[in-house]
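> Take a look and give me a structure for this.
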Amino acid sequence: MPDSAQDVLLKVRDVSKSYHSESGSLNILKHVGFELSRGEFLAVVGESGSGKSTLLQILGTLDDPDAGHACLAGQELFTLSQNERAHLRNRSIGFVYQAHHLIPELSALENVMLPLLVGGENKHQAEKISIDLLERLGLKERLLHVPAKLSGGEAQRVAVARALVGKPSLLLVDEPTGNLDEATAQNVFQAMQSLCQQEGTAVVMVTHSMTLAGQVDRVLCLRQGQLVAA
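Numbering: from 1, shown residues only. Coordinates of the predicted model:
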C-alpha cells in the first residue's frame with residue numbers, strides 16, 4: 001500500500017459495473033477499491049471473465065462505471081469530457097495489450113513517434129526520444145522494420161515503447177505476453193519492468209501468468225467482482 005498520501009497516484013473507490021441483456025444483468029465489478037503508489041507495479045489476477053479487462057478499460061477512461069470514483073494524480077476521471085479524456089490518455093496513461101496493435105504500414109520508429117506527434121511534439125525531437133527508447137529496449141537494429149518484419153517479442157517491445165514514449169505516470173497492461181512463448185514472455189516483461197522502474201511509472205497489469213505476477217510489488221485477485229489480496 002502507499003506509504004503516504006503524497007505517494008498515491010491512483011485512488012479507486014467503490015467502482016461497480018454491470019452488463020445488461022435480455023437474460024438479465026451480470027455484475028462484473030462490485031465496489032472495487034484500491035490505491036496505487038507512484039512507481040508501484042501491481043498485478044491483477046483472476047479467472048477468465050472475472051472483469052479484469054473491464055477494470056483496465058474503466059481506469060483508462062475508455063469505459064464508464066455504473067458507480068464509483070477514480071482519481072489520477074488528483075484528477076477525477078469520470079467527470080472529464082471525451083476531449084479531456086483523450087488529452088489525459090495521451091499525456092498520462094499508456095496502454096499495452098496482448099496484441100501489439102502496431103500500425104502495419106509504419107516502421108517501429110514511426111509507430112513509437114506517433115503519440116508524440118499527435119501530442120504536438122516536433123518531428124525531430126519525437127524521433128530523438130523514440131530512438132533512445134527503442135535502443136534502451138534492445139531494438140537498435142529494428143528501427144526501420146515494419147511490424148511484419150519483427151518477431152512477436154520485438155513487436156511487443158515496440159508496443160511497450162509506444163506506450164511509454166510520452167512518459168505517462170500510469171501504464172495499463174492487459175495480458176502483455178499472452179501471445180508469446182515462455183522465454184520471450186519473460187524477456188519482454190523484464191524489459192518493460194526495467195523501463196518502468198527507470199521512469200518511475202506506476203503499472204496495473206492484468207495477467208493469467210503467476211510467474212509474472214510473482215515478480216511485481218503487489219498482487220490483487222479479482223474474485224466475484226471484488227479485488228482481494230492474492
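> what about the strands in this structure?
Across the chain, reading from the start of the chain, the strands by DSSP state E fall at 8-21, 24-37, 41-45, 67-72, 75-76, 93-96, 170-174, 202-206, 218-223, 226-229.
> and the residue nearest the centre of the chain, what is it in contact with?
Centroid-nearest residue in the chain, with Cα atoms, centre = their mean: L172, separated by 1.6 Å. L172 makes contact with L56, L59, G60, I93, G94, F95, V96, V203, V204 under the criterion Cβ atoms under 8 Å, 6 or more residues apart in numbering. For every residue, glycine as well, the C-beta is placed using N, CA and C.
> I'd like the residues you listed laid out as CSV, including pLDDT.
What follows is these, written out as CSV (pLDDT from 0 to 100):
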residue, pLDDT
L56, 94
L59, 95
G60, 95
I93, 95
G94, 94
F95, 93
V96, 92
V203, 96
V204, 96
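> Run a quick check on R223 versus V45, I expect a contact.
No: with contacts defined as Cβ atoms under 8 Å, R223 does not count as touching V45, sitting 9.4 Å away.
> between the two, who's got more neighbours?
Taking other Cβ atoms under 10 Å, R223 and V45 do not tie; V45 has more neighbours (20 against 13).
> residues contacting the more buried one?
Counting by Cβ under 8 Å, 6+ apart, V45 makes contact with K52, V206, T207, H208, M210, A213, V219, L220, C221, L222, A230.
> what about the nearest residue to the fourth one once chain neighbours are set aside, neighbour count?
The one in question is H208. The spatially closest residue to H208, leaving aside those adjacent along the chain, is E175, at 6.7 Å (Cβ to Cβ, 6 or more residues apart in numbering). Using other Cβ under 10 Å as the criterion, E175 is surrounded by 19 other residues.
> so who does E175 touch?
Y97, Q98, V206, T207, H208.
> nearest to D132, of these?
The closest of these to D132 turns out to be Y97 (Cβ to Cβ; 23.7 Å).
> per-residue confidence at the closest residue to that closest one other than its chain neighbours?
For Y97, the nearest residue in space outside its immediate sequence neighbours is D174; the separation is 5.0 Å by Cβ to Cβ, 6+ apart. At D174, the pLDDT value in this model is 92.
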